[in-house]
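>>> below: sequence and its predicted model.
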Amino acid sequence: MTIEVGTPLPAATLVRLGDDGPEAIDTRDYVAGRKVVLFGLPGAFSGTCSTSHVPSFMRTAEAFREKGIDEIICVSVNDAFVMKAWGEATGATAAGLTFLADADASLTKALGMEFSVPVLGFYDRSNRYALVLDDGIVTVANVDEPNTCNLSTGESLLEAMAI
Amino acid sequence: MIAVGDRVPSGTLRWKDGEGGVHAQDITERCAGRTVVLFGLPGAFTPTCDGAHLPGFIRVADDLRGAGVDEIICLSVNDVHVMKLWGEQSGAEDAGIAMLADGDGSLARAMGLAWSNADVGFHDRSRRYAMLLVDGVVKVMHLDELGVCAVSTGEAMLEDVKSAL
């Protein structure tokens, strides 16, 4: 399956590292009533994700806000501790991006985005995608082919929103 | 569960080098004919692992080598990218500690040390332990109770490694 415009974001549990440790987040509750950009990628600290994908949303964060986006969320199949460390290391947290962990890959699987690369230690990770959600409904979906980072960049999503 | 006198089970270790190349080796091959301290923990960048367990081994790394240890290995159920960055940021790489990935947790399971805590988002991770392996056979085993880092610390291992070697 793939992600289709007009469908709701699937129900799943993500994890955020709060002040008192990991906190569970219900995806549907989290995005309800707001305009949100959500992008997914294979893994924290991996080459393309750190050098290309995340920076593309740091560059475009302000432009998204000007278009009425309330929050930009990066989701990866890592744990909340790794996601927090990654957000800090990339400067993306400081740029206002939110990092949420899909620790059990439940959202990634519900979106049909999962893939595995055993030689890297990647199991049920996520292909690259970027979505615009309006009150939980997908209004723009840019899904990349495996091993590419084109359609799901901040710039490409911004362009797709304008059309 | 693995214990003193047991041979370390077969399982794949993976790591990323400075140029981004990914390598794999079976742990039995890596430990053959060598003296190795292997310590495992729940996860990279977590408070206790990053704040206590790993720093302890960084502190005693030179002393362990001085006692006759050929290699110190930190093993976690994380991927190679995460382990590489954690090694760089924590100073473990500079201390000569090998930061190796048990990506699918198969080695943790084979040793009977697998552990999950779904509330935290940890699935099939590893319990906290440290062991001395001589030619692949466990000579010292320190296994911590869940949620603590007490007996598997670098300092505690150093004492027993000195006695055992």
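Looks like it came in fine. Numbers count the residues shown, from 1 in each chain, chains lettered A, B, ... in the order given.
>>> name the residues that touch stretch B:18-26?
A:G47, A:V119, A:L120, B:S10, B:G11, B:T12, B:L13, B:R14, B:W15, B:K16, B:D17, B:V80 (CB atoms under 8 Å, 6 or more residues apart in numbering or on different chains). Where C-beta positions appear, they are placed from N, C-alpha and C, glycine not excepted.
>>> mind checking which of the residues you listed are in helices?
Applying DSSP state H to the contacts of stretch B:18-26, the entries found in helices are A:G47, B:V80.
>>> farthest-apart pair in the contacts of stretch B:18-26, please.
A:G47 and B:S10 (29.7 Å; CB to CB).
>>> circling back: most surrounded residue in the contacts of stretch B:18-26?
The most crowded member of those, judged by other CB atoms under 10 Å in any protein chain shown, is B:V80 (28 neighbours).
>>> give me every residue that touches that one.
Counting by CB under 8 Å, 6+ apart, B:V80 makes contact with A:L120, A:G121, B:R14, B:W15, B:K16, B:V22, B:A101, B:G103.
>>> between those residues, which sits nearest A:M113?
Distances from A:M113 to the contacts of B:V80, taken by CB to CB, are shortest for A:L120, at 16.7 Å.
>>> for the closest one, what are its contacts?
A:G43, A:S46, B:R14, B:V22, B:D79, B:V80, B:H81, B:G103.
>>> can you list the contacts of B:V80 in CSV and add distance to A:E66 and pLDDT?
Converted to CSV, these look like this (distance: CB to CB, whole Å; pLDDT from 0 to 100):
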residue, distance to A:E66, pLDDT
A:L120, 37, 79
A:G121, 39, 78
B:R14, 43, 97
B:W15, 43, 97
B:K16, 38, 95
B:V22, 40, 94
B:A101, 41, 97
B:G103, 41, 93
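>>> between the residues you listed, which sits nearest A:T148?
For those, the nearest to A:T148 is A:L120 (16.8 Å; CB to CB).
>>> hey, where'd the strands end up in chain A?
Along chain A, the segments classed as strands by DSSP state E run A:13-18, A:21-26, A:35-41, A:71-76, A:98-101, A:114-117, A:122-126, A:129-134, A:137-143.
>>> who wins for most neighbours among the contacts of A:L120?
Comparing the contacts of A:L120 by number of neighbours (other CB under 10 Å), B:D79 comes first, having 30 neighbours.
>>> just give me the neighbour total for the nearest residue to that residue once chain neighbours are set aside.
Spatially, and ignoring its direct neighbours in sequence, B:D79 is nearest to A:G121 (3.8 Å; CB to CB, 6 or more residues apart in numbering or on different chains). Neighbour count for A:G121, taken as other CB under 10 Å: 28.
>>> repeat for A:R125
24.
>>> so it bridges to which residues?
Per DSSP bridges, the residues bridged to A:R125 are A:F115.
>>> in stretch B:25-43, what counts as buried?
Neighbour counts using 16 or more other CB atoms under 10 Å in any protein chain shown place B:I27, B:R30, B:C31, B:T35, B:V36, B:V37, B:L38, B:F39, B:G40, B:L41, B:P42, B:G43 of stretch B:25-43 among the buried residues.
>>> so the last one, which of the three states?
What DSSP: H, G, I helix; E, B strand; the rest coil gives for B:G43 is coil.
>>> was I right about it contacting B:R125?
Yes. At 5.9 Å, B:G43 counts as touching B:R125 under the criterion of CB atoms under 8 Å.
>>> now do the shared contacts for these two.
Applying CB under 8 Å, 6+ apart, one finds that B:G43 and B:R125 are jointly contacted by B:S76, B:V77.
>>> give me the number of residues near the closest residue to B:D50 other than its chain neighbours?
In space, B:D50 comes closest to B:S90 once its chain neighbours are excluded; the distance is 6.4 Å by CB to CB, 6+ apart. Residues lying near B:S90 (other CB under 10 Å) number 22.
>>> please apply the same query to A:V54.
Residue neighbour count, defined by other CB under 10 Å, stands at 26 for A:V54.
>>> what residue is smack in the middle of chain A?
A:F39 (2.6 Å; CA atoms, centre = their mean).
>>> enumerate every residue touching the nearest residue to that residue once chain neighbours are set aside.
Closest residue in space to A:F39, ignoring its immediate chain neighbours: A:A130 at 4.0 Å, by CB to CB, 6+ apart. Shown in contact with A:A130 (CB under 8 Å, 6+ apart): A:37-40, A:140-142, A:151-154, A:156-157.
>>> got the phi and psi for the residue in chain A that chain B sits nearest to?
As assessed by CB to the nearest CB, chain B sits closest to A:G121 within chain A, at 2.0 Å. With angles defined as degrees, to the nearest 10, A:G121 sits at phi 80, psi 30.
>>> OK, contacts around it?
Applying CB under 8 Å, 6+ apart to A:G121 gives the contacts B:R14, B:N78, B:D79, B:V80, B:A101, B:D102, B:G103, B:D104.
>>> if anything else comes up later, I'll come back, but that's it for now.
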